[in-house]
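Trainee: Next one to model:
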Amino acid sequence: MAAEFPHSVLFCCDHNAVRSPMAEGLMKKFYPGKVYVQSAGVHSDLDVDGFAVAVCEELGIELHRHRSRSFDDLKDWGDDISSYDLIIALSPASQRQALELTRYYHLDVEYWPIMDPTGIGETRDAKLDAYRQARDQIITRMQARFGPAHA
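Mentor: The predicted model follows:
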């Protein structure tokens, strides 16, 4: 294992509609009961993406009930960002936001450069392939960081 296993992880990306919900679902499946995990976006203006739902269902991960949340939504719902041990940013904008929000707290922020699959591919199969590639990038980084999956 590359580093100490955190008690709580917040994944973040731009809209909390593709990458961070996939990462949240993957973390919950691969390390069940081991870590508290949530996800958020810089914005929460989009619903969870149907292609993200589809490629996660291939692994038995249910995302269709996910509700997009922003950093502000977390705060409004009483989920204090300072309570997380680790924030993992999956996009440059979310990394900037996380670093800004953590200036006053002692929190670790990691940046995992995961490709944004939205808008890639002309056909349904090509789009699904792009989303699978993003999902698999998350899995690779997750297992490198936290060790082999337990699920």
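Trainee: Settle this for me: Arg69 is touching Asp45, isn't it.
Mentor: No - when contacts are counted by Cβ atoms under 8 Å, Arg69 is not listed as touching Asp45 (11.1 Å). Placement of C-beta: from N, CA and C, glycine included.
Trainee: Can you pull the phi/psi pair for Leu86?
Mentor: phi -150, psi 130 (degrees, to the nearest 10).
Trainee: what does the one 4 residues further on give?
Mentor: Geometry field for Leu90 lists phi and psi as phi -110, psi 10, criterion degrees, to the nearest 10.
Trainee: from memory it sits against Ser20, does it?
Mentor: Yes - taking Cβ under 8 Å as the contact criterion, Leu90 and Ser20 are neighbours in contact, 5.8 Å apart.
Trainee: where do the contact lists of the two overlap?
Mentor: Contact with both Leu90 and Ser20 is made by residues 11-13, according to Cβ atoms under 8 Å, 6 or more residues apart in numbering.
Trainee: What's the ChimeraX line that selects buried ones from those residues?
Mentor: For selection in ChimeraX, the members of the shared contacts of Leu90 and Ser20 meeting the burial criterion (16 or more other Cβ atoms under 10 Å) are listed in this command:
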select :11,12,13
